[in-house]
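In: quick one, fold the following:
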Amino acid sequence: MLELIRTPLRTTEECRARFLAICSARGLAAASYEHPLCGPDGAVLYTDAVLIGPTDASNVLIIVSGTHGVEGYAGSLCQACWLNAFDQNSLDAGTAVLLIHMLNPWGAAWRRRHNEDNVDLNRSFIDRRIQPPVNEAHDELVACGVMDALDDPDPDRAWSALTDYRRTAGEEAFSAAVFRGQYASPNGFNYGGRTETWSQTSLTTILTTLLNQPKNIALVDLHTGLGPFGYGTAICLEPPGSDLIPVLRSWYSAGFVALLVDRGGLPYELQGDLSNGVKRVVPLAEVLAISLEFGTYDAERFARLMACDEWVRRQGAAASPQGEAIRAELLHFFCPDSRQWREMIVERAFEVFGLAFQGLAQRR
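Out: Residues are numbered from 1 along each chain as shown. Sure, this is the predicted structure:
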């Protein structure tokens, strides 16, 4: 495992090759789903999934990496290390593990959190049979011309405009505008999309093909960017009053945050996360879901990078020196080039996966 941690991987091809090599060495066959678009230099992109245990298992632990593209490098490392060390014989007949590797491979390859349609997958799993939620703060951001600054040749102007808005509107409105998610502006922040994405369709295929009516699902969606450096906060997005909040709190205890209840110092709320998608695909299962958020650097830098990222997209400047520098900074922010950080997140991932197994064992 130390060898896996020692050398950081910086392309999706490298991450995928490592993941598939470990699967092969463990005698596991991965199902692969080819993305219709290519990565840099024409690289073919895939989401891969592997099931350990029976397809008809009552209890399933699902571990997902790459929902937010570029965050998948860290998630891939955690999956690879765990898969390399896991004792398959420790699973009982009623339990299985499903690893979904790089759910948003396009975003990972191009070092973006968003997908090929500029959609934030973790805001896209809303019920599209009803009117999408309204984000009034983001609408105000658009109406007052802040987003127009992203079309300026100077990326610093976008951050300056956002800073002015923040000063005028206040911290709560700023967080809602920039982080919560919205469904009205394809060129805005954290756009949730208007139709189902390739990744959502692939997720449905994976869950319906590899699983056969599980009773209980423990979902761990791996993310990076917020919270204490190297520590994984277990974030629950269940609504206030949900019966699952006390269950999840008992599972994960320290480091657990029910975001819509106790916030835990995190700067925003969100809607349309991955757990909603899993619940809709597997409606008869009880889905006990967390996002495991590994902290990197401060939220201020996070917000600035989001502005710079959108600037690169609008300018069509991904291949320019300035665009490449921003993409490199995005990768470093969401997957720091620090062996200590990698060791910390892998250790925490192992701990959380173990706690999820213990929790599932109680759900007979």
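
In: tell me the gap between the helix or strand containing Thr224 and the middle of its chain.
Out: For Thr224, the element it lies in under DSSP states H and E is strand 216-229. Strand 216-229 sits 8 Å away from the centroid of its parent chain (C-alpha atoms, centre = their mean, to the nearest Å).

In: which strands and helices sit next to that strand?
Out: On a contact count with 3 or more C-beta pairs under 8 Å, 6 or more residues apart in numbering; DSSP states H and E, strand 216-229 meets strand 59-64, helix 72-85, helix 274-281, strand 286-295, helix 299-315, helix 321-334, helix 339-361. To be clear about C-beta, it is placed using only N, CA and C from the backbone, and glycine gets the same treatment.

In: how about the ones you listed in JSON lines, adding distance to Val142?
Out: Output for the helices and strands packed on strand 216-229, formatted as JSON lines (distance: least, C-beta to C-beta, whole Å):
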{"stretch": "strand 59-64", "distance to Val142": "31"}
{"stretch": "helix 72-85", "distance to Val142": "29"}
{"stretch": "helix 274-281", "distance to Val142": "25"}
{"stretch": "strand 286-295", "distance to Val142": "27"}
{"stretch": "helix 299-315", "distance to Val142": "13"}
{"stretch": "helix 321-334", "distance to Val142": "22"}
{"stretch": "helix 339-361", "distance to Val142": "36"}
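
In: dump the residue contacts of His101.
Out: Applying C-beta atoms under 8 Å, 6 or more residues apart in numbering to His101 gives the contacts 15-16, 19, 30, 47-50, 65-66, 72, 76, 79.

In: and with 7 Å instead?
Out: 19, 47-49, 65, 76, 79 (C-beta atoms under 7 Å, 6 or more residues apart in numbering).

In: backbone dihedrals for it, please?
Out: phi -100, psi 120 (degrees, to the nearest 10).

In: need the pLDDT of it.
Out: Turning to His101, the model gives it a pLDDT of 98.

In: and Arg263, by the same measure?
Out: 67.

In: now do Pro240
Out: 88.

In: which residues touch it?
Out: 260-261.

In: can you tell me the SS state at it?
Out: Classification of Pro240 by DSSP: H, G, I helix; E, B strand; the rest coil places it in coil.

In: check the one 10 residues further on too.
Out: The three-state assignment at Ser250 reads helix, by three-state DSSP.

In: give me the neighbour count for it.
Out: Look at Ser250: counted by other C-beta atoms under 10 Å, it has 12 neighbours.

In: ok, Ser32 next?
Out: Ser32, neighbours per other C-beta under 10 Å, totals 13.

In: after the helix or strand hosting it comes which helix or strand?
Out: Per DSSP H and E: Ser32 is located in strand 31-38. Counting by DSSP H and E, the element after strand 31-38 in chain order, helix or strand, is strand 44-52.

In: buried sites along that following strand?
Out: Residues of strand 44-52 classed as buried: 45-52 (neighbour count, 16 or more other C-beta atoms under 10 Å).

In: got any ranges where the stretch 151-300 of the chain has weak pLDDT?
Out: The stretch 151-300 of the chain contains residues with pLDDT under 70 at 263-269.
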